[in-house]
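*Asks:* A structural model of the following input is requested.
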Amino acid sequence: MKLKILLIFLFFSSFSFAYDFMPFDINTRKAIETKYLNQPLVISFWSIDCPYCIDDLKKLGKALSKNKNVKLITVCVDGKESANKAERILSQANLPQHEQYQYAEVDEDRLRYSIDPNWYGELPRTYFYDATHQITPLSGKISKAFLDTWFKK
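*Replies:* Residues are numbered from 1 along each chain as shown. The predicted structure follows:
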């Protein structure tokens, strides 16, 4: 009996706080854009080693708590070996429930170019889509003034 209880506990404990990172490859951005067509959307590219990225995730969490109609997608540019640390960071950012991705391509330059040919890899990189999918790309820290203005659209 004790063994059954232990096995059940171990089975459920491995799922209780885990984020499910989906693979982000060269086709993923287009698939996301199609899925959320005619809906406001924010796609945030971030890294576990980027303090500005972590600050931006927290800012987005606060802003999205007041703007529940905006969908959020986060993309961790670090590999699977960083999943545990990425999970901790996301759980501390107080983000709404959202889709989480991790890079799944070996050739990061090719992947980055498929995402945006004008992006050279600087982080954080955030794409703000209004309801008509007019895109505002932003590299670097997101200011409160920018968020306030964008969410009023």
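*Asks:* How about Phe24: which residues does it bridge to?
*Replies:* Tyr103 (DSSP bridges).
*Asks:* Count the residues that sit near it.
*Replies:* Phe24 has 26 neighbouring residues, counting by other C-beta atoms under 10 Å. C-beta here means a position set from N, CA and C on the backbone, and glycine is covered the same way.
*Asks:* what does Lys141 give?
*Replies:* Quick note: Lys141 (other C-beta under 10 Å) scores 14 neighbours.
*Asks:* For it, give its distance to Thr132.
*Replies:* Plainly put, Lys141 is 26 Å away from Thr132 if you go by C-beta to C-beta, to the nearest Å.
*Asks:* Need phi/psi at the nearest residue to Ser65 once chain neighbours are set aside.
*Replies:* Taking C-beta to C-beta, 6 or more residues apart in numbering, and ignoring the residues beside it in sequence, Ser65 has Pro96 as its nearest neighbour in space, at 6.8 Å. Note on Pro96: backbone dihedrals following degrees, to the nearest 10 are phi -70, psi 170.
*Asks:* Is it correct that Pro96 is in contact with Leu64?
*Replies:* Yes - with contact defined as C-beta atoms under 8 Å, Pro96 reaches Leu64; the gap is 5.2 Å.
*Asks:* contacting residues for Tyr129?
*Replies:* For Tyr129, the contact set (C-beta atoms under 8 Å, 6 or more residues apart in numbering) comprises Glu33, Tyr36, Gln39, Pro40, Leu41, Val42, Ile43, Ile135.
*Asks:* Show me the shaky parts of the chain.
*Replies:* Scanning the chain for pLDDT under 70 picks out 1-19.
*Asks:* Strands along that one, start to end?
*Replies:* 21-24, 41-46, 71-76, 99-103, 125-129, 135-139 (DSSP state E).
*Asks:* most centrally placed residue in the chain?
*Replies:* Geometric centre of the chain, nearest residue: Thr74, 0.5 Å, by C-alpha atoms, centre = their mean.
*Asks:* Which strands and helices lie in contact with the helix ranked longest in the chain?
*Replies:* For the chain, the helix with the greatest residue count under DSSP state H is helix 51-66. Counting contacts by 3 or more C-beta pairs under 8 Å, 6 or more residues apart in numbering; DSSP states H and E, helix 51-66 packs against strand 41-46, strand 71-76, helix 83-92, helix 144-152.
*Asks:* got TSV for these, with distance to Tyr127 too?
*Replies:* What follows is these, written out as TSV (distance: least, C-beta to C-beta, whole Å):
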stretch	distance to Tyr127
strand 41-46	4
strand 71-76	9
helix 83-92	18
helix 144-152	11
